[in-house]
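# Based on what follows, work out the 3D shape:
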Amino acid sequence: MRTLIPQQVLQPLARARRWPVEAQQRACRNAMVASTALARTRAEREDVEEFLAARARAAEAGPDARHA
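Reported below is the predicted structural model:
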């Protein structure tokens, strides 16, 4: 004889089985978003550093060097 398990029991069990997979997927997605934001910030910082270094070199060369 086969016992039928009520839906009220099966639904929470199915949700509990899916939880670790869904949690891992959310964690990976969050890590990718954070990594993208860090890469963007790093690229912006490098751009600013290059710009400021170029300005410093131009200032050291003097005003006549900028017009040449």
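# So residue 50 versus residue 37, what's the distance?
Residue 50 sits 21 Å away from residue 37, going by C-beta to C-beta, to the nearest Å. Just so you know, the C-beta spots here come from the backbone N, C-alpha and C atoms, and that holds for glycine as well.
# lowest average confidence, helix or strand, in the protein?
helix 63-67 (a mean of 63; mean pLDDT, DSSP states H and E).
# show me where pLDDT drops low in this structure?
Flagging of the chain using pLDDT under 70 yields the residue ranges 1, 64-68.
# Quick one: distance of the helix or strand hosting residue 26 to the chain centre.
Using DSSP states H and E, residue 26 sits in helix 7-61. For helix 7-61, the separation from the chain centroid amounts to 1 Å (computed by C-alpha atoms, centre = their mean, to the nearest Å).
# That one - contacts with which helices or strands?
Counting contacts by 3 or more C-beta pairs under 8 Å, 6 or more residues apart in numbering; DSSP states H and E, helix 7-61 packs against no other helix or strand.
# Number of residues surrounding residue 51?
Using other C-beta atoms under 10 Å, residue 51 has 10 other residues around it.
# How about residue 30?
10.
# try the one 10 residues further on
A count of nearby residues for residue 40, using other C-beta under 10 Å, gives 10.
# What distance do you get for it to residue 27?
21 Å.
# next one: residue 20
10 Å.
# Also residue 56?
From residue 56 to residue 27 the distance is 43 Å (C-beta to C-beta).
# Based on its surroundings, how many neighbours for residue 58?
Neighbours around residue 58, by other C-beta under 10 Å: 12.
# Likewise for the one 3 residues further on?
Here the neighbour count serves as a burial measure; for residue 61 (other C-beta under 10 Å) it reads 11.
# For it, list the residues it contacts.
Neighbour list for residue 61: empty [criterion: C-beta atoms under 8 Å, 6 or more residues apart in numbering].
# For residue 54, see how far away it is.
Residue 61 sits 11 Å away from residue 54, going by C-beta to C-beta.
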